[in-house]
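Enquirer: Structure for the following, please:
(chains A and B)
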Amino acid sequence: MPVSYVHLWLWRSVVLICLVLGVSAVNGESKSDTHHHGNGSSITGIPIVSFKWHHVETPYLIVLWILVAGVAKMVIEANHHVTSVIPESALLICVGFLFGGIIWGADQKQTFSLTPTVFFFYLLPQIILDAGYFMPNKLFFSNLGGILIHAVIGTCWNAASVGLSLWGCHQGGAMGDIDIGLLQYLLFGSLIAAVDPVAVIAVFEEVHVNEVLFIMVFGESLLNDGVTVVLFNVFDAFVSLGGEKINAVEIIKGIISFFVVAFGGSLVGFVFGLLISLLTRCTKNIQIIEAGFIFVLGYLSYLTAEMLSLSAILSIAFCGICCQKYINANMDEKSVITVKYVMKVFANGSETIIFLFLGISAIDKTIWVWNTGFILLTVFFVFVYRCIGVFFLTWIQNKFRLVPLEVMDRIIMSYGGLRGAVAYGLAMMLDENKIKEKNLMIGTTLIVVYFTVILQGITMKPLVTWLKVKRASANEITLIEKVQNKVFDHMLVAIEDISGQIGHNYMRDKWKHFEEKWMSWFLMKPSARKKHDLVFDVFHQLNLKDAMNYVAEGERRGSLEFIRNETAFIDFKKKFADEYSEAMPDITVDMSDSYAAHSSMRDTVPSISLELHDQNTNGLRETEDINTHHLLQQHLYKGRKQHRHKYSRSHFTVNQDENEVQEIFQRTMRTRLESFKSTKMGVAPPKTITKHPKKDQQQKMPNGKSTDNGKYCHCDDDDFEFSGDDGASGYDPSAGSFPMRVTYRPGAGIENPVFMPDLDPMAPMQIPPWLAEAELDSSTVALSQRAQTGLPWTPSNLQRLAPLRISTRSTDSFMMADVPASQRQDEHLPPPPPPPPPSDDDRGHL
Amino acid sequence: MGSSSSRLDRVPGAKDLMEETGFSETNILCLYDRFEVLDREERGYLRLEDFEAIQQLAVNPIGDRIIGAFVFPGRETLDFPSFVRVLAHFRPTDTTWSRSGSQPEPANSRTRKLRFAFSLYDQDGDGKISRAELTEMLQAMLGMQVTDEQLQSIVGRAIQEADLDRDGAISFDEFKKMAASGQTGLKSVSSIMYRTKQQQQQQQYICGEGGTEQVHLKHSCQTLMFIFC
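Expert: Coordinates of the predicted model:
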């Protein structure tokens, strides 16, 4: 099947090419008089049909080329065995050669080539916006130092060393007779120095190296644009000025302009990012176009920066980085998906066009001024100095990095120094009057681009495999790893406390605090903020999942008709609709909604990859995983470093998640008190422990994150000095039903893992909770209720629909904390659903 | 330098400790200062209460387990060398050390680090993380927001993922494999990449937080970095 498709498409593309050729032939003639279109021929009568080619020529050609690029990409992607060896970008360049050759054969001159205007104004912005929008922020900012070192110092080093070396070789006579001075060499060096984001994304996304390595190369390629543009402008100005007029003042001005351009560009992007966030705050009534604002304003930030002669790339990249969080929260889920996909379409499309045209541009006799010495030396120097620069800079960095970059990583980093269309675009912008050898420089730039993208691109994958570079782990992180990560985090935090160290990411804490307190307040709409609350979030996701399961179950049984047959479900459904319609209107309305939303939550992981399909190939079943992960993610206590920001001695618990802190604090104190009593006052541990669960259960409210603790028994036993003394103490449900937690503190050390003998009474803990609860006293409404409804079901039957109940109930208690617990329980526990057939999934129940 | 070496004299057995744990002079001094801060009654050793006085630990869900790694029944007091020895687990792994297999494994080796983490789970010391132990840990980590069914399903699943020999519990080997296979180490590592000067200054006045007094450290603890991978 695929083969026949390929043939079909090949055939079609041939037809298209012929069409294009015809077009270009016409175009070639009309090129000289570009203003003629539309009013070419004099009117002799009323024509019934007229062929108005010139009327539509420009847009027609553009659209045709886009189509050709798309088709070319499709043909390439259809051949998996080829793309697995040769990266797509290289193949696209080759296709470009082919097209260029055909056009050349027809026209005898270069008709189409990538002009700097088209490239910088219409092709580049969306790629960078995409990169910024999908940037993994945490990773990026935690490696920002290293990235900046490479982007700034590395690029300057490349530019200077390449320029000077070429000049040296020129003086040594290696290049014969060409008219290039030192400044022009430096100018050339500066344009060839920058690693190209487009090429890097294209090659690295296929290699899947580990994320730190990726972000180093990618971040560098993104940020070094500021440096390149400044270097280019400065040297361009120097070339115009001529060597004599350059003095210290000019050089200092150049250095200052670097900072202005880079930071100014970032600032413009930041401002526009805020603007977008603010705008999406108010787009409730125009949801249909709110997705467009991101593109419009993003592009505007690019143009504004360009207008102010600041770094446009930095501007649009930071615009994307800044706004991603807020617009995702502010906009409707559908709009978020729209943005995501449109972004990918634009970025991927223009990437394809760029590579295609890089190939086409090569077939041009005028730019090929061959100078073996110059070209070969350039390629050589570009490669060698990249390696030297990377190794030297990482060597310095490794002195400060906690995790040194390994030699393998450094090799890949140097090897990943791909040059691309930015260099070519800059080369095209050279002024022919000032630089006599412009064509040589363009040609050489192209050679360097081909060398890096094609040769290095092809060899990158084998090299990564051969060097055994740490890859990004393909499979999703497992549940236990997630838990373990958290344990490690907490452990490190605790050790830091003990040893008196302060967390390493102090600045990030500060920022986070500021961000949560002010920026979110300012930029997110209130409803989004509320939704942002983790309980709500999880609640929403769980319900989505339930809805999915519900439908899946129904469809598996043939139809959803069983809903109507069984009153249970009608009741349930009605209540569901009544109670939650305001919270989540789209669930009960129709299923397509939940499918859309569902896909959105699958894609929550930001990916820099330009491809979407690897995110989409995940089957439906994975949502369960993801939901569980999400659940964990949301509920695992944050490591302190994530929310500690007040360092004053007086109040240490002040942070935005006070409940959580209180909760842990209460628990810890109670535990300590227990153990204190047991050791000091001779209270027998078994007694306290067995006594404890009951108390806790009395305290326990179903998912009592509500702030209303006044209604619930405060558990005013004399034992619990900590229970009554502040507002948070009334609810500590975490303590409930798991008495064993009481015992962990006195546990083992490392060298001497002693087991406290009095832990044994905890044996009942091993009983599954649904049994345990039934056995325990039924004084607490919530537990007994659950036990009763729960008991008839075997755990395996619980599997599928259990989350449904759980989430309903938990929501409930969250939303209507005032209603007495018993009443709530009665209302909302759905009657037992028909036991679903044993499902094949492995959700890991007992 | 002269002053620091004279300061080193007040630390008992400093040289041996440095030898044993690989901490540098500054590290030892820094830790000793901290030790003195924690030891509020100047007994020369730390007791459980001293650890419990660290306020941040009280809001750390596994804070008590960590304390348990320092002070556990059977060793109610902790002198400075033991304190340092426990902390030595958190030195960045020395690649040169692990390569030469002849010496006994240093505390900062990967295996020892993992052993430390394992012991946090494995509270009964039987060399296995049982279902109950994992539940307990998760309970501590998750708190109130997850219902028992969810908790049980998470635990069950987690054990299933890691339990290679299907005995219903996670042995240390399985634990190790689990940590090696995934991004576990990587993640906690990448989050603690840089320590800037500024942070070190921050740390200087934080050092006094455990007690009421203010201790300003003259030297920075620059190399005393904790890493777990």
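Enquirer: buried stuff in the lengthiest helix in chain A?
Expert: If you go by DSSP state H, chain A has its longest helix at helix A:248-281. Buried residues in helix A:248-281, defined by neighbour count with 16 or more other Cβ atoms under 10 Å in any protein chain shown: A:254, A:257-258, A:260-262, A:264-277, A:279-281. From N, CA and C alone the C-beta is placed, and that goes for glycine too.
Enquirer: pLDDT below threshold where in the stretch 351-500 of chain A?
Expert: A:401-404, A:469-486, A:489-490, A:492-493, A:496-497, A:499-500 (pLDDT under 70).
Enquirer: Run through the helices of it in chain order.
Expert: With helices called from DSSP state H, counting those that start in this stretch, the stretch 351-500 of chain A shows them at A:372-398, A:407-415, A:421-428, A:438-450, A:457-467, A:479-499.
Enquirer: Which stretch among the ones you listed is buried most, on average?
Expert: helix A:421-428 (a mean of 26; mean count of other Cβ atoms under 10 Å in any protein chain shown).
Enquirer: A helix includes B:D167, no?
Expert: No - assignment of B:D167 by DSSP: H, G, I helix; E, B strand; the rest coil gives coil, placing it outside any helix.
Enquirer: Tell me where chain B has strands.
Expert: B:45-46, B:78-79, B:128-129, B:170-171 (DSSP state E).
Enquirer: TSV please, covering these and showing mean neighbour count, mean pLDDT and distance to chain A.
Expert: Shown next, in TSV, are the strands of chain B (neighbours: other Cβ atoms under 10 Å in any protein chain shown; pLDDT from 0 to 100; distance: least, Cβ to the nearest Cβ, whole Å):
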stretch	mean neighbour count	mean pLDDT	distance to chain A
strand B:45-46	20	80	10
strand B:78-79	20	80	10
strand B:128-129	24	82	10
strand B:170-171	23	82	8
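Enquirer: so which of the ones you listed gets nearest A:S113?
Expert: Ranking the strands of chain B by proximity to A:S113 (Cβ to Cβ) places strand B:170-171 first, at 61.8 Å.
Enquirer: Check what contacts that closest one and list those residues.
Expert: Here strand B:170-171 makes contact (Cβ atoms under 8 Å, 6 or more residues apart in numbering or on different chains) with A:I480, B:Y121, B:G127, B:K128, B:I129, B:L134, B:I159, B:A162, B:D163, B:D165, B:M178.
Enquirer: Dump the residues you listed into CSV; add distance to A:A291 as well.
Expert: CSV is the format used below for those (distance: Cβ to Cβ, whole Å):
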residue, distance to A:A291
A:I480, 38
B:Y121, 46
B:G127, 56
B:K128, 52
B:I129, 47
B:L134, 44
B:I159, 43
B:A162, 42
B:D163, 46
B:D165, 51
B:M178, 41
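Enquirer: Pull out the buried residues from these.
Expert: Neighbour counting by 16+ other Cβ under 10 Å classes A:I480, B:Y121, B:K128, B:I129, B:L134, B:I159, B:A162, B:D163, B:M178 among those as buried.
Enquirer: Was I right to think the fifth one contacts B:Q123?
Expert: No - with contact taken as Cβ atoms under 8 Å, B:L134 and B:Q123 are classed as non-touching, separated by 10.7 Å.
Enquirer: which residue ranges form the helices in chain B?
Expert: B:2-8, B:14-21, B:25-38, B:48-52, B:55-58, B:63-70, B:80-87, B:95-99, B:110-121, B:131-142, B:148-162, B:172-181, B:184-190, B:197-206.
Enquirer: Packed most tightly, which of these would that be?
Expert: Comparing these by mean neighbour count (mean count of other Cβ under 10 Å), helix B:63-70 ranks first with a mean of 25.
Enquirer: got the angle for that helix vs helix B:110-121?
Expert: 120 degrees (axes from the mean of the first three to the mean of the last three Cα atoms, to 10 degrees).
Enquirer: Show me what from the stretch 151-300 of chain A comes close to chain B.
Expert: The stretch 151-300 of chain A comes close to chain B at residues A:N210, A:E211, A:V212, as judged by Cβ under 8 Å from any Cβ of the partner chain.
Enquirer: switch the cut-off to 7 Å
Expert: Residues of the stretch 151-300 of chain A lying near chain B by Cβ under 7 Å from any Cβ of the partner chain: A:V212.
Enquirer: which bits of the stretch 1-150 of chain A sit near chain B?
Expert: Residues of the stretch 1-150 of chain A lying close to chain B by Cβ under 7 Å from any Cβ are A:L139, A:S142, A:N143, A:G145.
Enquirer: mind redoing it with 6 Å?
Expert: For the stretch 1-150 of chain A, the residues in contact with chain B (Cβ under 6 Å from any Cβ of the partner chain) are A:S142, A:G145.
Enquirer: where does chain B dip in pLDDT?
Expert: Chain B contains residues with pLDDT under 70 at B:1-9, B:55-56, B:59, B:73, B:91-109, B:142-146, B:179-229.
Enquirer: at 50 what do you get?
Expert: Where chain B drops to pLDDT under 50, the residues are B:1-4, B:96-102, B:182-229.
Enquirer: got a list of contacts for stretch A:446-460?
Expert: Contact with stretch A:446-460 is made by A:86-87, A:89-90, A:192, A:199, A:203, A:207, A:362, A:375, A:379, A:382, A:418-420, A:424, as judged by Cβ atoms under 6 Å, 6 or more residues apart in numbering or on different chains.
Enquirer: Between all of those, which two are at the greatest distance?
Expert: Among these, A:V207 and A:I375 lie farthest apart (Cβ to Cβ), at 27.5 Å.
Enquirer: List the contacts of A:T283.
Expert: Contact analysis of A:T283 by Cβ under 6 Å, 6+ apart lists A:E290.
Enquirer: Ramachandran coordinates for it?
Expert: phi -100, psi 20 (degrees, to the nearest 10).
Enquirer: Tell me the spacing between it and A:N247.
Expert: In this view, A:T283 and A:N247 are 53 Å apart by Cβ to Cβ, to the nearest Å.
Enquirer: do the same with B:D167
Expert: 79 Å.
Enquirer: can you check B:L138 too?
Expert: 68 Å.
Enquirer: just A:F97 next, same as before
Expert: In terms of Cβ to Cβ, A:F97 sits 46 Å off from A:N247.
Enquirer: again with A:A305
Expert: 29 Å.
Enquirer: Looking only at neighbour counts, state which of the two leads.
Expert: The neighbour comparison of A:A305 against A:N247 (other Cβ atoms under 10 Å in any protein chain shown) goes to A:A305, with 26 against 10.
Enquirer: thinking the more buried one is in contact with A:I313, fair?
Expert: No - with contact defined as Cβ atoms under 6 Å, A:A305 and A:I313 do not form a contacting pair (8.3 Å).
Enquirer: Could you name every residue contacting both of the two?
Expert: Common contact partners of A:A305 and A:I313 (Cβ under 6 Å, 6+ apart): none.
Enquirer: So B:T21 sits against B:A88, correct?
Expert: Yes - with contacts counted by Cβ under 6 Å, B:T21 reaches B:A88, the gap being 3.8 Å.
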